[in-house]
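Chemist: let's see this in three dimensions:
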Amino acid sequence: MVTASKSVVVRVAVPVPLRKLFDYLWSFERQPEPGTRVRVPFGRRSLVGVVVDIGGSGDDVKLKAVTEILDVEPVFDETLFALLKWSSSYYHHPLGEVMASALPVALRASTGLRPAGGERWRITPAGLVTDADSLSRAPARQKIFNGLHEAGEAGLSRLDLKSVVSAWTKPVAALVEQGLVERFESDFLDHTPFDAEPGPELIDDQLGAIETICDRLGDFSAMLLHGVTGSGKTEVYIGAITRVLERGEQALVLVPEIALTPQLVDRLRSRLGVQVAVLHSGLNDTTRHRMWFAARSGEAQVVLGTRSAIYTPLARPGLIVIDEEHDGSYKQQDGYRYHARDVAVMRARMSKIPIVLGSATPSLESFENCERSRFTRIDLPRRVGSAGLPSVHLIDLSRMPTDQGLSPPLVKAIENRLKRGEQSLIFLNRRGFAPVLICGGCRWQATCERCDSRMTHHRSMGRLRCHHCGVITDVPTNCPACEADALVNVGEGTQRVEEFLQERFDQARIVRLDRDAARGPQALNEALDRIRSGDANIIVGTQMVAKGHDFPGLTLVGIVNADQGLYSIDFRAPEFLLQQIMQVTGRAGRADAPGEVLVQTAHPQDPAFVALASHDYDSFIRLQRGERKAAGFPPFSHLALLRCDSLKTDEPMDFLGWAHQAARQCLDAAKEDAATDYTPANVDLMDPVPSPMQRRAGRHRAQLLVRARERSDLHRFLMDWIYRIEANTRTRRIRWSVDVDPLDLY
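Modeler: Residues are numbered from 1 along each chain as shown. I've put the predicted structure just below:
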């Protein structure tokens, strides 16, 4: 400990799961600035935190001292700093962890703000007239010299040189000393000039949408771009971003999946004539740090990323675009459980810039914001070019048998497409060969020992796999219960459908797109290239193919397990079901040939399928709106979910029983306090219940739902409740979290 003597005290956000700031002495001559990274002692560890506030004098107070200042300037600008504090408050998550999540991994340690590796090496004028054969007695130098000669003015980076000669430093140093090579600093993006490609001729709907967006540049405005699949929403984004770049500002574009980034990067780059900084979880730490810095410095004019990119710093923000705004991937489901779409709207408001939320199937929350005039709605009701919306036919499975999950009309339709040289997409949201392995004798089923779930048979790998915890086991030869040789696969997965189609159409070129077949970006891109080039004529896929992809040769979409979402107890299930299926159907008939969609269902009269057949999303979402309003569910109320799990069977329910009593005490105290700033009667507590999957990955789980009619009432209650929970010693024995605006209730 250090005894302060007229020292300044700073409050630091440290990346630990505690909802508080920590005081430290500031003994440096330089004045502390909020947003600056510092290294501080924390228990027996040394951690990197962020200065949040200056707390005044530390006279006669025993405090530890800040040990190191890591930045010469704040790592977060004023607006982003305020956004992070708002996010921490809104989602009731520790500020230190929120700020750490907004930094590249490299900056969560003592790394400097500017990434290493900006330096490059190139041939000098003297080197250009030097014969490489003169270096033949030094093979490593000669090899590097030749590599640099081929690279030209752009030169080579450290990684490039290492790929030429693993031990490259000494040979390069010798070449520099000889005057044949020079070191120079480079930006982190390739700025080799190239011409932007002209785009297609836009229709009036698109031109009007662009003008509406551009009229709002320079001030906050939230706009919902509701365009049917194939209506050219991306061209609207590009048109608006072009104006933003002309103003000398930057655009931030978010997409829900990594799979959508490569094609969108190519399209933005070629059409805008600028390099695009890409940020997603598939990047290594070094590359992510460089892209982050390129955005922060203003070098990157366009930044494209997935969920976490919403916290990327921008030097000159001008526009935010959220593509497929309805997609659940924007909600973080563990740790810091934020929703990138909602954070993006707040960021746009704080930055005084417009935000565009695009979707063919908008979320009910965004739809309601339009109804209440919080968002401006922009419609694109028609597909561009000669393409029309696909015809949709419902196949009633209650009156028709199937073979491996496929009905005769669907098999016949695939056969017709093969004869015409067109592509078919068979969609089912279930990986593996079969979801259930069962004994025909004693009815034993293969279940996961760590989860309350069945194991899925992956016949291609010859194993059973749990899709919840990832555990893999061998497929038994005989029934483990009765030892009978009577094990059978029940249900259909992508592997089983692929195998059936390959047997039925032996000349077909089939591509399967699921997380088993497309492991990693490279495998995924190769599969997508095969589809776009026409090399594949049947695609069997899960939700990976449901959104954003443009396959010109695809004219048939078959939905195999359409009813899966009808049996959920989640109040959002009908909305999610129709969104997913409409996104899949939108892949058909996007070029000149008309598209057709065959939906296999045992419930053809369900409102979701009726809306699908008529392409009437608005009527369906209005029906859902009425049901939600009557039931008091979001967006007509606001939810928070307290989750907990433990290795002990009874501990989660015991903990939530106590937490429920603590919540009642908070509400009773608020009722008696005349000065309280919220209405306790507006807060409803549900009873604690075991999670629908009570055991997952060996841990027993339970949950408690809170509902409030007003958002402010919910947050004031949560502040009091979480304070009581954290103060109780039993929280040290159990893992718990609070999820504000949860998407996954079950």
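Chemist: what strand or helix carries Glu33?
Modeler: Applying DSSP states H and E as the criterion places Glu33 outside every helix and strand.
Chemist: what residues are up against it?
Modeler: Val51, Glu73, Pro74 (C-beta atoms under 8 Å, 6 or more residues apart in numbering). Bear in mind the C-beta positions are built from the backbone N, C-alpha and C, glycine included.
Chemist: phi, psi for it please.
Modeler: Backbone geometry at Glu33, expressed as degrees, to the nearest 10, gives phi -130, psi 130.
Chemist: circling back: of the contacts of Glu33, which belong to strands?
Modeler: Val51 (DSSP state E).
Chemist: where neighbours are concerned, which of the contacts of Glu33 has the most?
Modeler: Within the contacts of Glu33, most neighbours by other C-beta atoms under 10 Å means Val51, with 25 neighbours.
Chemist: kindly export the longest helix belonging to the chain (C-alpha atoms) in PDB.
Modeler: Using DSSP state H to define each element, the chain has its longest helix at helix 651-672. In PDB, the C-alpha atoms belonging to helix 651-672 read as follows (Å, rounded to 0.1, in the frame of the first residue of the first chain):
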ATOM      1  CA  GLU A 651     -28.600 -25.100  -6.100                       C
ATOM      2  CA  PRO A 652     -30.000 -23.000  -9.000                       C
ATOM      3  CA  MET A 653     -33.600 -23.300  -7.900                       C
ATOM      4  CA  ASP A 654     -32.500 -22.600  -4.200                       C
ATOM      5  CA  PHE A 655     -30.600 -19.500  -5.300                       C
ATOM      6  CA  LEU A 656     -33.500 -18.200  -7.500                       C
ATOM      7  CA  GLY A 657     -35.900 -18.800  -4.600                       C
ATOM      8  CA  TRP A 658     -33.800 -16.500  -2.500                       C
ATOM      9  CA  ALA A 659     -33.400 -14.000  -5.400                       C
ATOM     10  CA  HIS A 660     -37.200 -13.900  -5.800                       C
ATOM     11  CA  GLN A 661     -37.600 -13.000  -2.100                       C
ATOM     12  CA  ALA A 662     -34.900 -10.300  -2.500                       C
ATOM     13  CA  ALA A 663     -36.800  -8.900  -5.500                       C
ATOM     14  CA  ARG A 664     -40.000  -8.800  -3.400                       C
ATOM     15  CA  GLN A 665     -38.200  -6.900  -0.700                       C
ATOM     16  CA  CYS A 666     -36.900  -4.400  -3.300                       C
ATOM     17  CA  LEU A 667     -40.500  -3.800  -4.600                       C
ATOM     18  CA  ASP A 668     -42.000  -3.600  -1.000                       C
ATOM     19  CA  ALA A 669     -39.300  -1.100   0.000                       C
ATOM     20  CA  ALA A 670     -40.000   1.000  -3.100                       C
ATOM     21  CA  LYS A 671     -43.700   1.100  -2.300                       C
ATOM     22  CA  GLU A 672     -43.100   2.500   1.100                       C
END
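Chemist: other SSEs contacting that helix?
Modeler: Contact partners of helix 651-672 among helices and strands, from 3 or more C-beta pairs under 8 Å, 6 or more residues apart in numbering; DSSP states H and E: strand 638-646, strand 683-685, strand 699-708, helix 711-727.
Chemist: name the residues of the helix or strand following the last one that are buried.
Modeler: The helix or strand immediately downstream of helix 711-727 is strand 735-740, counting by DSSP H and E. Of the residues in strand 735-740, those buried by neighbour count under the rule 16 or more other C-beta atoms under 10 Å are Trp736, Ser737, Val738, Asp739, Val740.
Chemist: of all those, which comes closest to Leu425?
Modeler: If you rank the buried residues of strand 735-740 by distance to Leu425 using C-beta to C-beta, Asp739 comes first, at 34.1 Å.
Chemist: hang on, that closest one packs against Arg643?
Modeler: Yes - the criterion here is C-beta atoms under 8 Å, and Asp739 meets it with Arg643 at 6.4 Å.
Chemist: list the buried residues of stretch 322-334.
Modeler: Along stretch 322-334, these residues count as buried under the neighbour rule (16+ other C-beta under 10 Å): Ile322, Asp323, Glu324, Glu325, His326, Asp327, Gly328, Ser329, Tyr330, Lys331, Gln332.
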